[in-house]
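Colleague: predicted model, plus sequence, below.
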Amino acid sequence: MTDSRRPKEMTQHIGNHRLDPSTLMMGYGFDPALSEGSLKPPIFATSTFVFQRAADGKRFFEGITGRRPSTGDGLVYSRFNNPNQEILEDRLRIWEDAEESLAFSSGMTAITTLFLTFVRPGDVIVHSGPLYAATETIINKILGQFGIKYVDFPAGATREEIDAVLVRAKAMGNVSLIYLESPANPTNALVDVEAVHAARAAAFDGELPPIAIDNTFLGPLWARPLDQGADISVYSLTKYAGGHSDLVAGALTGRKALLDRVRMIRNTMGGICDPNTAWMLLRSLETLELRMSRAGENAAKVCAFLRDHPKVETVGYLGFLEPGSRQADIYTRHCLGAGSTFSLYLKGGEREAFAFLDALKIAKLAVSLGGTETLASAPAAMTHLSVPDERKAALGISENLVRISIGVEKAEDLIADFGHALDAI
Ligand code: PLP
């Protein structure tokens, strides 16, 4: 946050009592006195900011351009900073107790800027697989054009498997980034971040390649991967954080020294979150815990219903992991909840999946996740249509797979909707 608009009080405590993130979302980082007493932050719809003196302009630019170790002493230009985006970043940071957050125009802008910051021609990215399809495209199609290589390991890999992949990667070149996504879409397989962290410590000396992890599916309520050793947590804010399927944005949250480098690239090439979207996100964050808690409770009820239904083959839901399994062990160490996005495998194939989707009345037939409304889609025919058949088979993206993101409706209504749609198959 720029110094010129830093609120006098930015406390996260009352005495020794530490305030919960859900409480802090109502006012943290905003001083009404700086905006005519307005209870809520106004939308600062401006592209540029007036300096009181030329010397201020020079000082602010020194901070923005990194001449001095500062994120900026004052507001300059909305590609670099804006009050709404700064308040948003301050509040995002709180959820994972991180040193810093950066807001972007989309999840993919956040991910692409992260890669541009840390990876150079000839370098190797080590990543878990599968990744969100566009992230895979950036790594293998776009960065590949600049001589950047990659090695992947399956989400759920053991410490030994991760060790072996790091040995292979080091033999290929300078490993400059370890990029994870957990749970993986659509397999829901969890990555053992603690094992990746330990494997990195064993494999590298000196400057370690950062560990970044896409935490869109469970963050920030149900997973805090910075606690398990990740350096940067990646978000598509379009999903649970935005939570109303009415905006597109992204964020990185984590270690300041790393994010200061990302900020330089973001502010130069563009891609910052705009004031209007940042303002909408501030509003969304006030209800984040309420929305995610309700969606999580709903998902548990809906999945319990679906699991026992005769037309259902299986339900890939983190709440149903086999006790004693490796995935259950990772879940216990890494997760605070099972989320509300899961895979439903119907008995049959595309015909049955489509019949089910076409019969839904409350759940909407749309891709994406994390909104107040329940969404359902068929990955094999939609989001993963262009994935080659063998890879689809390896990832369990079969034609009978329906991907569901549960919202905040009444659970009983959702169960009635799914029950009716199953009957229609
Ligand atoms: N990461 C994950 C796990 C996603 O599901 C998505 C979008 O669906 C993204 C990243 C990209 O985010 P955005 O659509 O906000 O660019």
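Modeller: Received the coordinates, thanks. Computed from a predicted model, the values in this text were never measured in an experiment.
Colleague: make it CA atoms for all contacts and neighbour counts henceforth
Modeller: Fine.
Colleague: number of residues surrounding the closest residue to the ligand within the stretch 301-425 of the chain?
Modeller: Residue nearest to the ligand within the stretch 301-425 of the chain (Cα to the nearest ligand atom): Ser368, separated by 5.5 Å. The local packing count at Ser368 equals 17, with neighbours defined by other Cα atoms under 10 Å.
Colleague: for Phe320, same thing?
Modeller: Neighbourhood size, Phe320 [other Cα under 10 Å]: 14.
Colleague: which stretches of this protein have low pLDDT?
Modeller: Under the criterion pLDDT under 70, the flagged ranges of the chain are 1, 3-9, 69-72.
Colleague: please enumerate the helices of it.
Modeller: Counting by DSSP state H, the chain has helices at residues 21-24, 54-64, 83-95, 107-118, 133-137, 159-172, 193-203, 256-269, 275-286, 288-307, 326-334, 350-359, 389-395, 411-423.
Colleague: nearest to the ligand, out of those?
Modeller: Taking Cα to the nearest ligand atom, helix 107-118 is the member of those nearest to the ligand, at 3.5 Å.
Colleague: CA atoms of that closest one as CSV?
Modeller: These are the backbone C-alpha positions of helix 107-118, laid out as CSV (Å, rounded to 0.1, in the frame of the first residue of the first chain):
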residue,chain,number,x,y,z
GLY,A,107,-6.1,-15.7,-13.1
MET,A,108,-4.2,-16.4,-16.4
THR,A,109,-2.6,-12.9,-16.3
ALA,A,110,-1.3,-13.7,-12.8
ILE,A,111,0.0,-17.1,-13.9
THR,A,112,1.6,-15.7,-17.1
THR,A,113,3.3,-12.8,-15.3
LEU,A,114,4.6,-15.3,-12.7
PHE,A,115,6.2,-17.4,-15.4
LEU,A,116,7.6,-14.3,-17.2
THR,A,117,9.2,-13.2,-13.9
PHE,A,118,11.0,-16.3,-13.0
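Colleague: who are the packing partners of that helix?
Modeller: helix 133-137, strand 175-181, strand 232-236, strand 250-254, helix 256-269 (3 or more Cα pairs under 8 Å, 6 or more residues apart in numbering; DSSP states H and E).
Colleague: okay, these in a markdown table with distance to the ligand and mean neighbour count next?
Modeller: As requested, the helices and strands packed on helix 107-118 are exported to a markdown table (distance: least, Cα to the nearest ligand atom, whole Å; neighbours: other Cα atoms under 10 Å):
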| stretch | distance to the ligand | mean neighbour count |
| --- | --- | --- |
| helix 133-137 | 7 | 15 |
| strand 175-181 | 7 | 25 |
| strand 232-236 | 4 | 27 |
| strand 250-254 | 6 | 27 |
| helix 256-269 | 15 | 17 |
